[in-house]
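[1] for reference, the sequence and a predicted model appear below.
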Amino acid sequence: MISYASFSFFLLFFGITAIIYSILPRKLRWIILLTSSYGFYFISSKGNVIPFIIVSILVWGAGLCLQKTNDTMKEKRKLASKEEKKLIKAKYNQYKRVILAIGVVLVVLILLICKYINFFIEALNLIPAFNIPELAIIQPLGISFFVLQGVSYIADVYYGKIDAEKNPLRISLYLSFMLTVVEGPIARYSQLGAQLKECKYNNLEDISKGYLRVVWGLFKKVVIADRAVLLVSGVFDNYESFSGFPVVAAILFYTLQLYCEFSGVMDIMCGLGRMIGIILPENFNQPFFAKSINEFWQRWHISLGSFLRDYIFYPVSLSKGIKNLSAKTKEKFNQYYASLIPTAIALFFVWFTNGFWHGSGWKYIVYGLYYYFLMMLGMFFKPLTDKLCSKLKINRESKSFSIFAVLRTVIIVNIGMLIFRAENLKAAVSMFASMFRNGDCSVLIPGGENSIDINLYDYAVIIIGFLAILLVGILKERKVDIIERIYKLPFALKFVLYLAAIFVIIIFGAYGEGYGVVDLIYANF
């Protein structure tokens with residue numbers, strides 16, 4: 001695919017698109033965005049566009065059917081009596097539920113076939129009676145992202161949060177928008193669709209602040225993430241040869257790599273969007289300052305978390321069956337545990353979906369359930385830990401406890417990252433066990449006979465870059481708007497900083513001899 005961090009994307013796609021976009025009248029701007037997004041998707045996916053076209057048609061059609069049902073119901077209820085209104089509402093709500101179910105099932109079915117069919121075949125082949133050959137299906141680019149956006153659109157029309165879009169090309173633009181289609185964020189139609197329809201004029205402030213965001217994202221992606229991969233690949237690709245601290249270092253470096261790459265790309269996309277007057281939803285909020293797993297996932301991949309909350313957790317927890325279960329548990333358990341049981345059921349679906357969404361393998365399911373198990377463990381023992389902290393007079397609001405909570409969360413997340421990055425579950429277990437054995441730390445020292453292919457210069461740049469990210473994170477946690485402060489500097493000083501920022505990327509970026517092209521990790525999902 002065309003990398004978001006490549007010159008070809010900035011110049012050939014976004015650069016030309018932004019220039020034409022700025023020249024065209026507002027009512028025509030969406031057409032250049034549609035054309036560019038189609039071109040970007042077609043080239044990046046190597047022509048594998050049929051699943052995307054099918055999803056677009058299904059989403060558009062389901063939205064129209066739901067809107068028509070909503071309008072018909074409103075029209076018939078206008079002249080009806082109170083009792084008749086109830087019957088009409090019940091009748092048409094039943095129609096809407098059928099349309100919603102058909103629309104969502106068909107859209108998700110495309111995802112299951114394209115991404116998970118061979119996983120299901122592999123699972124069936126575990127049964128001796130089955131011997132099904134795997135299918136040669138190429139996973140469409142960004143299918144996990146545009147499918148979730150499609151589901152959110154259908155659901156929002158169903159709930160009456162938005163009106164359905166009549167123009168199928170506008171729905172297609174919403175799903176294929178080149179700044180979101182590969183790695184997200186998973187934007188709702190109310191967040192993105194309206195902006196793509198309005199195409200408002202940008203200004204110098206948008207361009208200036210967007211530029212700073214893009215450069216910061218490039219710094220995280222090209223300078224840090226693309227260097228950290230050297231150590232990460234060196235250990236994970238030959239994990240049986242390493243143990244002890246080198247394995248720990250590889251896990252820490254992978255966490256840094258994934259965060260810098262994913263959040264860096266989000267910074268680039270949000271910055272580019274801002275430069276043409278489009279505000280994308282935020283996907284990260286200093287996740288490694290979180291004091292619990294729950295808080296971490298409220299700060300990491302925010303758009304996925306909010307999707308799972310709104311379209312899985314709430315519908316499951318508010319379903320009739322769960323409400324009945326909740327009423328029965330209140331008769332047998334105290335108030336806290338009675339409310340915990342329905343929550344636990346709803347959260348299981350959330351975390352199973354979270355893991356399964358990431359990839360077609362058992363390790364991804366375990367990855368999701370790993371967080372589910374830890375979260376439920378914390379919730380189950382909360383009354384006990386509350387009493388213990390009270391008895392021991394531990395102040396959970398103190399600075400020392402906050403530091404402990406942050407470090408505890410970082411450790412838990414890094415173990416999760418091991419599961420996520422390992423080749424499979426067997427490799428993850430093997431690497432976890434190997435952390436507690438003595439290892440040859442000399443492999444981390446550049447220049448040795450068996451050392452990993454990373455030099456002192458790379459280490460220095462990564463460490464300095466990490467400290468820069470840490471400092472920026474601390475300032476953001478203290479509600480300091482760095483971009484706003486830079487923007488308000490005198491023009492001459494600001495101009496020097498803008499030039500210096502891009503030269504940092506050019507000078508310290510991990511490209512050229514000794515560095516390979518690093519594919520975007522989340523583009524595979």
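    Done, it's in.

[2] so where's the stretch 1-150 of the chain uncertain?
    In the predicted model of the stretch 1-150 of the chain, residues 1 satisfy pLDDT under 70.

[3] swap in 90 and give it another go.
    In the predicted model of the stretch 1-150 of the chain, residues 1-15, 74-90, 120-139 satisfy pLDDT under 90.

[4] could you pull out the helices in it for me?
    For the stretch 1-150 of the chain, applying DSSP state H, counting those that start in this stretch gives helices covering 7-8, 16-23, 26-44, 50-78, 82-111, 117-124, 143-158.

[5] okay, those in TSV with distance to residue 408 and mean neighbour count next?
    Placement of C-beta: from N, CA and C, glycine included. Listed next are those as TSV, based on distance: least, Cβ to Cβ, whole Å; neighbours: other Cβ atoms under 10 Å:
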stretch	distance to residue 408	mean neighbour count
helix 7-8	42	10
helix 16-23	44	16
helix 26-44	40	18
helix 50-78	41	18
helix 82-111	35	15
helix 117-124	33	14
helix 143-158	30	25
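
[6] now tabulate those in TSV and tack on distance to residue 168.
    Listed next are the helices of the stretch 1-150 of the chain as TSV, based on distance: least, Cβ to Cβ, whole Å:
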stretch	distance to residue 168
helix 7-8	29
helix 16-23	21
helix 26-44	11
helix 50-78	4
helix 82-111	14
helix 117-124	27
helix 143-158	12
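
[7] residue 482: which of those is closest?
    Residue 482 lies closest to helix 16-23 among these, at 24.0 Å (Cβ to Cβ).

[8] what's the angle between that closest one and helix 26-44?
    Relative orientation of helix 16-23 versus helix 26-44 (axes from the mean of the first three to the mean of the last three Cα atoms, to 10 degrees): 170 degrees.

[9] show me the contact partners of helix 16-23.
    29, 32, 33, 36, 178, 199, 202, 275, 276 (Cβ atoms under 8 Å, 6 or more residues apart in numbering).

[10] give me the neighbour count for the last one.
    If you count neighbours by other Cβ atoms under 10 Å, residue 276 ends up with 22.

[11] what of the one 3 residues further on?
    Residue 279 is surrounded by 14 other residues when neighbours are defined as other Cβ under 10 Å.

[12] before we move on, what about the one 4 residues further on?
    As a burial measure, residue 283 scores 24 neighbours (other Cβ under 10 Å).

[13] alpha carbons of stretch 495-507, as PDB, please.
    Output of stretch 495-507 as PDB, limited to C-alpha atoms (Å, rounded to 0.1, in the frame of the first residue of the first chain):
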ATOM      1  CA  PHE A 495       8.900  30.100  11.200                       C
ATOM      2  CA  VAL A 496      12.300  28.900  12.500                       C
ATOM      3  CA  LEU A 497      10.600  26.200  14.600                       C
ATOM      4  CA  TYR A 498       8.600  25.000  11.700                       C
ATOM      5  CA  LEU A 499      11.700  24.600   9.600                       C
ATOM      6  CA  ALA A 500      13.600  23.000  12.400                       C
ATOM      7  CA  ALA A 501      10.800  20.500  13.000                       C
ATOM      8  CA  ILE A 502      10.900  19.200   9.400                       C
ATOM      9  CA  PHE A 503      14.700  19.100   9.300                       C
ATOM     10  CA  VAL A 504      14.600  16.800  12.400                       C
ATOM     11  CA  ILE A 505      12.500  14.400  10.500                       C
ATOM     12  CA  ILE A 506      14.800  14.600   7.400                       C
ATOM     13  CA  ILE A 507      18.000  14.200   9.400                       C
END
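
[14] go through it and flag the buried ones.
    Residues of stretch 495-507 classed as buried by neighbour count (16 or more other Cβ atoms under 10 Å): 501, 504, 505.

[15] same list, those residues, but as JSON lines with distance to residue 281 please.
    Supplementary listing: those in JSON lines, determined by distance: Cβ to Cβ, whole Å:
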{"residue": "501", "distance to residue 281": "25"}
{"residue": "504", "distance to residue 281": "28"}
{"residue": "505", "distance to residue 281": "25"}
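
[16] dump the residue contacts of the most centrally placed residue in the chain.
    Taking Cα atoms, centre = their mean, the centroid of the chain lies closest to residue 301, which sits 3.9 Å from it. If a contact means Cβ under 8 Å, 6+ apart, then residue 301 has 184, 262, 283, 284 as its contacts.

[17] and the pLDDT at the last one?
    Residue 284 is assigned 97 on the pLDDT scale.

[18] contacting residues for it?
    Neighbours of residue 284 in contact, by Cβ under 8 Å, 6+ apart: 259, 262, 263, 266, 299, 300, 301, 302.

[19] next, the fourth one: phi, psi?
    Put plainly, it is residue 266. Backbone geometry at residue 266, expressed as degrees, to the nearest 10, gives phi -60, psi -40.

[20] returning to what we had before: the contacts of residue 284: which two are farthest apart?
    Among the contacts of residue 284, the pair separated by the greatest distance (Cβ to Cβ) is 259 and 302, at 13.5 Å.

[21] reformat the contacts of residue 301 as a markdown table; add secondary structure and distance to residue 317.
    Listed next are the contacts of residue 301 as a markdown table, based on DSSP: H, G, I helix; E, B strand; the rest coil; distance: Cβ to Cβ, whole Å:
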| residue | secondary structure | distance to residue 317 |
| --- | --- | --- |
| 184 | coil | 25 |
| 262 | helix | 29 |
| 283 | coil | 24 |
| 284 | strand | 26 |
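
[22] and residue 327, how many neighbours?
    Residues within reach of residue 327, counting by other Cβ under 10 Å, total 11.

[23] ok, now how distant is it from residue 383?
    22 Å (Cβ to Cβ, to the nearest Å).

[24] good, wrapping up.
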